[in-house]
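J.: Please work out how this folds:
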Amino acid sequence: MSRIASVLLPMPLPEAFDYAEPEGMELQVGDQVAAPLGPRLLRGVVTALREAAGGNRPLKLIEAKLDDPPLPPGTLEFIQWAARYSVDSPGSPLAIATRGARAPKARPEKVMELTGAAPARMTPARARVLEAAIKPLSPADLARAARVSSSVVKGLVDDGALVMRLIVPEVRYPEPDLALAGHPLNASQAAAAEALKAMVREGGFNVALLDGVTGSGKTEVYLEAAAEALARDPAAQVLVLLPEIALTQAVIARFESRFGARPGEWHSDVAPPMRRRVWEAVATGGCRIVVGARSALFLPFTRLALIVVDEEHDSSYKQDEGFIYQARDLAVARGKIEDAAVVLASATPSLESLRNAETGRYRWLKLSSRHGVARLPDISLIDLRETPPETGRWLSPPLVQAMVETFAAGEQTLLFLNRRGYAPLVLCKACGERMTSPDTDSWLVEHRYTGRLVCHLTGFSMPKPDKCPHCGARDSLTSIGPGVERVEEEARGLFPQARISVFSSDTVWDAKEARRLVASMADGEIDILVATQAAAKGHNFPKLTLVGVVDADLGLRGGDLRAAERTYQLLAQATGRAGRKDRPGRALLQTYAPEHAVMQALKAQDRDAFVEAEMAEREIMKLPPFGRLGAIVVSGPDPQALEAFVRTMAEAAPNAEGVEVYGPADAPLGLVRGRRRKRFLVRADRTVDLSAYLATWRARVRPPGAIRVSIDVDPYSFL
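T.: Coordinates of the predicted model:
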């Protein structure tokens, strides 16, 4: 009897499609296949097989079984779970999971190989070439290795001693050397490492929160957990998630030093052919350690034994477009599905993770002091109401004086401002017009380096005009507020002899440039670094002793429920870059609200007091981690049609105990790319299955063609 294969396609489709299995194909669940959909052939994955029992319509045949490795059962289960949790179609996470398999293969390379035939004549130059050709090299590399011209290599080809072949270079991931010893650990690190190793030895699903102050050596601790996992099972695989590409190389270097083997690397800056090699190596068990960004969580691991989420609090783990998910939460879910251990590491853990640790759901391991002789920096507040900067400047006299002292001592300063560009707002002095992106409420940010106005939401950019587009007044556009470029301009004026650089996503275009800048800072080649949050995570700069936060109040503005938590985390991480080696550090925070609870907690370095107060406020309001939140954003080009639909949607909201629905209301950014936006917020008790509630609600309404509905479970952005 023939069989029916359910094939999931990497598209936003509600379910897998049924196809007939051709005779003799012998499919297995997880196999990748080519399946017809309309006039196209698409890559899909077999999720189920059953015997055909007849039917009233013929099914299309699967076209071919692909040679790519199948998706393991755990990966398939995780994809299905992630889709249900995020209230999305399973094809959306499948598209992430098969991205590596869909990447192009590496192009063949030309190499020279020995034929075994002797050349017609032998010279010293030819002898060097033949000696170097023992291993395959490109013609140019062979000539360089033998210190000869290309004509010598060509002559040996003509004589038949060498032949040119096309080969696909093979990338192998050597087995980790578990005999290598790690760095010496202090007593606190050793205790935490032993607890993690014991957790790994127990086997099964467990979660630990590794809660250590900045500079306490958390990486060395979870390296020991990785060593235990790799030693316990010769097929075990380890995944380390990082929030920033810039951190990847430093962590890879630590793993390479610890295990004598370079991990697989997975993030957006990895070239597609190399991404495919990593994907295949993971799927076949040939790559046992992977270090990568959030999407690495969807790789097809065959025996995932340990997941580490470094800087677990970081908002970069939240994917806000396409398939919307929080990688930290999904990492815990994947650990449970794979029966693996999970380590969440941070100096400023999320309130969700702290709550789980307090209630015993997670093991709580604390590192309360810095490694070696390093001490936490002294933190002071600069009240800008009492000591403001000079007119037209952004650095206060106390901060400038501290920079003078630091520069004179041959030490480094980090000026932190989490705002890209030169100025966040450009307006007309004549008519008051604020420059915004076309069809979007987002302000245009001036970038002085490029002379352009840029929308950081949509990517739109334009040259800065010489007259106001609204009233036509010439030379009337003025820049309001500081960005990192403006702070750098001020620092150059104050310290003309200093070596000054800017670290932001506008000045550091890729991972290679980020590594170069980080290395320059670590080597002491930069005196003053002006940076956004890109420099506030995980970096070690031995000579950095002063951190100046230009606008400490920036993150506290707006109605985000996590504003205080995120501001505390970001500023604690930024100030934690100072004094990480043998030189004492200090941090100065410029603020108009020194009495704010966040500022007082930072000054006193009393995280527990801040967390206690923030937890109490959240508990009263039944907000995360004491409740659940969901957001539904509805958008459309026609305001009247949108308004009518959201009213219909509001009437269709299910009645359920422990659920409160707010809205519809205009989203804070009410217009994006020509589409008007309305938002519902749903608050639910912890006992409510929020994903099921949202899925039921969405199933009750059918949006017209031009209207889109987006669901975000546990939203982090409230735009």
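
J.: Which positions in the least confident helix or strand in the chain by mean pLDDT come out as buried?
T.: Ranked by mean pLDDT, DSSP states H and E, the weakest helix or strand in the chain is helix 511-522, scoring a mean of 83. Across helix 511-522, burial judged by 16 or more other CB atoms under 10 Å covers 511, 514-515, 517-518, 521-522. C-beta here means a position set from N, CA and C on the backbone, and glycine is covered the same way.

J.: just stretch 667-686 next, same as before
T.: 667, 670-673, 675-684.

J.: What's the mean pLDDT across that stretch?
T.: Averaged over stretch 667-686, pLDDT sits at 92.

J.: starting at the chain centroid, how far to it?
T.: Remark: stretch 667-686 is offset 24 Å from the chain centroid, using CA atoms, centre = their mean, to the nearest Å.

J.: now do stretch 598-608
T.: On the basis of CA atoms, centre = their mean, stretch 598-608 is displaced by 27 Å from the centre of the chain it belongs to.

J.: what's next to it, contact-wise?
T.: Outside of stretch 598-608, the residues within contact range by CB atoms under 8 Å, 6 or more residues apart in numbering are 348, 376, 379-381, 552, 556, 564, 567-568, 571-572, 575, 589, 591, 593-594, 609-610.

J.: Would you mind giving both backbone torsions of the spatially most central residue of the chain?
T.: Of all residues in the chain, the one closest to the mean position by CA atoms, centre = their mean is Pro243, 3.9 Å from it. The phi and psi values for Pro243, taken as degrees, to the nearest 10, are phi -80, psi -20.

J.: If I look at it, what pLDDT would I see?
T.: Per the predicted model, pLDDT is 90 at Pro243.

J.: Please apply the same query to Ser2.
T.: With respect to pLDDT, Ser2 has a value of 80.

J.: any idea how far it is from Pro58?
T.: Taking CB to CB, to the nearest Å as the measure, Ser2 falls 11 Å from Pro58.

J.: joint contacts of these two?
T.: Any residue near both Ser2 and Pro58 by CB under 8 Å, 6+ apart counts here, and that gives Ala20.

J.: neighbour-wise, which of these two wins?
T.: Neighbours were counted for Ser2 and for Pro58 using other CB atoms under 10 Å; Ser2 has more, 11 against 7.

J.: isn't the more buried one right up against Glu21?
T.: Yes: Ser2 lies in contact with Glu21 (CB atoms under 8 Å); the separation is 6.4 Å.

J.: Tell me where the stretch 451-600 of the chain has strands.
T.: Under the criterion DSSP state E, counting those that start in this stretch, strands of the stretch 451-600 of the chain are mapped to 452-454, 461-463, 477-480, 500-503, 528-531, 544-549, 586-591.

J.: and the last one, what's its mean pLDDT?
T.: Read it as strand 586-591. Mean pLDDT, strand 586-591: 95.

J.: Show me what counts as buried in that strand.
T.: Across strand 586-591, burial judged by 16+ other CB under 10 Å covers 586-591.

J.: any idea which of the residues you listed is closest to Lys197?
T.: Checking the buried residues of strand 586-591 against Lys197 with CB to CB, the nearest one is Ala587 at 34.8 Å.

J.: For that closest one, give the beta-bridge partners.
T.: Beta bridges link Ala587 to Ile379, Val547, judged by DSSP bridges.

J.: For it, list the residues it contacts.
T.: Ala587 sits next to 377-380, 546-549, 574-575, 578 when contact means CB under 8 Å, 6+ apart.

J.: residues in contact with Glu411?
T.: For Glu411, the contact set (CB under 8 Å, 6+ apart) comprises 543-546, 583.

J.: Need the per-residue pLDDT for it.
T.: Looking at Glu411, its pLDDT is 94.

J.: residue boundaries of the helices in the stretch 351-500 of the chain?
T.: Remark: helices assigned in the stretch 351-500 of the chain by DSSP state H, counting those that start in this stretch are 351-358, 397-408, 484-494.

J.: that older thread, ok, the contacts of Ala587 vs Glu489, which is closest?
T.: Among the contacts of Ala587, and counting by CB to CB, the member closest to Glu489 is Gly548, at 15.5 Å.

J.: Correct me if wrong: the closest one contacts Pro398.
T.: No: using CB under 8 Å, Gly548 is not in contact with Pro398; the gap is 9.4 Å.

J.: any residues in contact with both of these two?
T.: In terms of CB under 8 Å, 6+ apart, Gly548 and Pro398 are both contacted by the residues Leu588.

J.: quick one, which of those two is more surrounded?
T.: Between Gly548 and Pro398, counted using other CB under 10 Å, Gly548 has the larger neighbour count: 31 against 17.

J.: that older thread, would you turn the strands of the stretch 451-600 of the chain into JSON lines with distance to Glu109?
T.: Listed next are the strands of the stretch 451-600 of the chain as JSON lines, based on distance: least, CB to CB, whole Å:
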{"stretch": "strand 452-454", "distance to Glu109": "39"}
{"stretch": "strand 461-463", "distance to Glu109": "38"}
{"stretch": "strand 477-480", "distance to Glu109": "50"}
{"stretch": "strand 500-503", "distance to Glu109": "35"}
{"stretch": "strand 528-531", "distance to Glu109": "39"}
{"stretch": "strand 544-549", "distance to Glu109": "42"}
{"stretch": "strand 586-591", "distance to Glu109": "50"}
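
J.: Out of the ones you listed, which is closest to Leu142?
T.: Proximity to Leu142 (CB to CB) singles out strand 500-503 among those, at 39.6 Å.

J.: in its sheet, what does that closest one sit against?
T.: For strand 500-503, the paired strands and their directions (DSSP bridges) read strand 528-531 (parallel).

J.: mind checking how far the partner strand is from the chain centre?
T.: The answer for strand 528-531 is 22 Å, by CA atoms, centre = their mean.

J.: what does stretch 150-162 give?
T.: Averaging C-alpha positions (CA atoms, centre = their mean) puts stretch 150-162 49 Å from its chain's average.

J.: which other residues reach the longest strand anywhere in the chain?
T.: Looking across the chain with DSSP state E, the single longest strand is strand 659-672. Applying CB under 8 Å, 6+ apart, the contact partners of strand 659-672 are 439-442, 457-458, 558-559, 632-635, 646-647, 649-650, 653, 676-685, 688, 693, 718-719.

J.: Inside strands: which ones of these?
T.: 632-635, 676-685.

J.: Let me have those in JSON lines, extended by distance to Asp211.
T.: Formatted as JSON lines, the ones in strands among the contacts of strand 659-672 follow (distance: CB to CB, whole Å):
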{"residue": "Ile632", "distance to Asp211": "34"}
{"residue": "Val633", "distance to Asp211": "34"}
{"residue": "Val634", "distance to Asp211": "39"}
{"residue": "Ser635", "distance to Asp211": "39"}
{"residue": "Arg676", "distance to Asp211": "43"}
{"residue": "Arg677", "distance to Asp211": "38"}
{"residue": "Lys678", "distance to Asp211": "39"}
{"residue": "Arg679", "distance to Asp211": "34"}
{"residue": "Phe680", "distance to Asp211": "35"}
{"residue": "Leu681", "distance to Asp211": "30"}
{"residue": "Val682", "distance to Asp211": "31"}
{"residue": "Arg683", "distance to Asp211": "28"}
{"residue": "Ala684", "distance to Asp211": "28"}
{"residue": "Asp685", "distance to Asp211": "27"}
